[in-house]
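Q: Need coordinates for the below:
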Amino acid sequence: MMQPAPHLVKLVITTGDPAGVGPEVSLAAAKDFLGEQAHSQITLLGDASLFKDSSGKTANLFDRLKIDSVPLVSPALPGVLNPANAQYVFNLLDQATDACIRGDFDGMVTAPVQKSVMNIAGIPFTGHTEYLAQRCSRNHVVMMLCAPLPLGFLGIKSRKDLRVALASTHMPLKDVSAYLSYELLLETIQIVNQDLKEKFGITRPRIRVAGLNPHAGEAGYLGGEEIEVIAPAIESAKQQGIAVSGPYPGDTMFDAHSLEEVDAFIAMYHDQGLAPFKFVTFGGGVNVTLGLPIIRTSVDHGTALDIAGKGIADSGSMLEALRLAYELALNTRTQAK
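A: Residues are numbered from 1 along each chain as shown. Predicted structure coming up:
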């Protein structure tokens, strides 16, 4: 059971694209979370006009819930994307990241953004993961999705957290093979292992790594990446004392027994890992960026423009993201002592 923090844990939420559900789920989840954790404080980053109730007044706030108002570039309408506000979204990310680096906050949680509208505005953006790596001057970070699996799921005998990390993220499938390298995979394994220790508090993480090709290459008959790149990286990691195994065929890596025995799975490309993850977690997952000097978690859903502003958006994923950020902050404090 998680122990209460002796000192206030301060989290900041970037509330995402103003046309999406980000502002409303951020506010709702923040209120729920503060009701759970007395030793916490949350700051919402975003234009104050986005946090008003049906009467048009600024929503009632807890003493530990604050709004740091960042002005919109252009008026926002729910469900209507506006490229003029792309810079506003970047301003939220930059302000939160810099504040976490300074130590003003213990972690940041990000609401969804619309990648397309940011690129339409002329600002190249492939995703939070890549952008935060650049902002934090890190050459290599790892995207990992986490979600709790309940007792009895597929026969598991205890509650277990499912964690799926990606060796490659947002790129065309045809480019994945050329992108993968021995050095990149070894670093990916090292980053996952290190952050599971330091941020998740797992003393000796157990990691499984997928192959790239069907049947993990079928001894080279279906592709050579497993023999030439993936297996050598795994062997080097083993020699460093990391409890890692593989490469496993992607279609059998997530068997029921492994769900209880493995602390993290590493997939070679986005859908190889996230298709099975999202199938079993039903939208309750949390995105974590490993390898950053700060804690960052996020929802695992998009801007949901079709329901924005209607008051029906589910804030469950944002609440889980806050819970995990809080837990990681506590674990990091413990490791630092």
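Q: And the pLDDT at residue 283?
A: Residue 283 carries a pLDDT value of 68.
Q: now the helices: where do they sit in the stretch 151-300 of the chain?
A: For the stretch 151-300 of the chain, the helices defined by DSSP state H, counting those that start in this stretch cover 176-179, 182-198, 225, 231-239, 256-261, 270-281.
Q: Tell me which of those helices sits most buried.
A: The highest average neighbour count among those, using mean count of other Cβ atoms under 10 Å, belongs to helix 225 at a mean of 22. Every C-beta, even on glycine, is put in place using the N, C-alpha and C of the backbone.
Q: which other helices and strands contact it?
A: Counting contacts by 3 or more Cβ pairs under 8 Å, 6 or more residues apart in numbering; DSSP states H and E, helix 225 packs against no other helix or strand.
Q: Need the contact partners of it.
A: The contact list for helix 225 (Cβ atoms under 8 Å, 6 or more residues apart in numbering) reads 177, 180, 211-213, 217.
Q: Please identify the helix or strand for residue 314.
A: Taking DSSP states H and E as the definition, residue 314 sits outside all helices and strands.
Q: nope, residue 133 is what I meant
A: helix 128-135.
Q: In that helix, which residues are buried?
A: 128-133, 135 (16 or more other Cβ atoms under 10 Å).
Q: Kindly report the same for stretch 66-76.
A: So stretch 66-76, judged by 16+ other Cβ under 10 Å, has buried residues 67, 70, 72-73, 76.
Q: Just give me the residue closest to the centre of the chain.
A: residue 287 (1.8 Å; Cα atoms, centre = their mean).
Q: mind listing what the residue nearest to it when sequence neighbours are not counted touches?
A: Among residues not flanking residue 287 along the chain, residue 298 sits closest, at 4.1 Å (Cβ to Cβ, 6 or more residues apart in numbering). Residues near residue 298 by Cβ under 8 Å, 6+ apart: 109-112, 128, 286-289, 321.
Q: what does the one helix or strand residue 43 maps to contact?
A: According to DSSP H and E, residue 43 maps onto strand 40-45. By Cβ under 8 Å, 6+ apart, the residues outside strand 40-45 that reach it are 5, 8-15, 23, 26-27, 30, 33-34, 51, 64-68, 70, 92, 95-96, 105, 322, 326.
Q: Among those, name the ones in helices.
A: Under the assignment DSSP state H, the contacts of strand 40-45 contribute 23, 26-27, 30, 33-34, 92, 95-96, 322, 326 to helices.
Q: about what we covered before: which one, of the helices of the stretch 151-300 of the chain, ends up nearest to residue 332?
A: Evaluated over those, closeness to residue 332 peaks at helix 182-198, with 6.6 Å, by Cβ to Cβ.
Q: Output the closest one as CSV, restricted to C-alpha atoms.
A: Extracted as CSV, the C-alpha positions of helix 182-198 are listed here (Å, rounded to 0.1, in the frame of the first residue of the first chain):
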residue,chain,number,x,y,z
TYR,A,182,22.0,-2.7,-31.4
GLU,A,183,22.9,0.5,-29.6
LEU,A,184,19.3,1.8,-29.6
LEU,A,185,17.9,-1.4,-28.2
LEU,A,186,20.5,-1.8,-25.6
GLU,A,187,19.9,1.8,-24.4
THR,A,188,16.1,1.2,-24.4
ILE,A,189,16.6,-1.9,-22.2
GLN,A,190,18.9,0.1,-19.9
ILE,A,191,16.5,3.1,-19.6
VAL,A,192,13.5,0.8,-18.9
ASN,A,193,15.5,-1.1,-16.2
GLN,A,194,16.9,2.1,-14.6
ASP,A,195,13.5,3.9,-14.4
LEU,A,196,11.7,0.8,-13.1
LYS,A,197,14.2,0.8,-10.3
GLU,A,198,14.4,4.5,-9.5
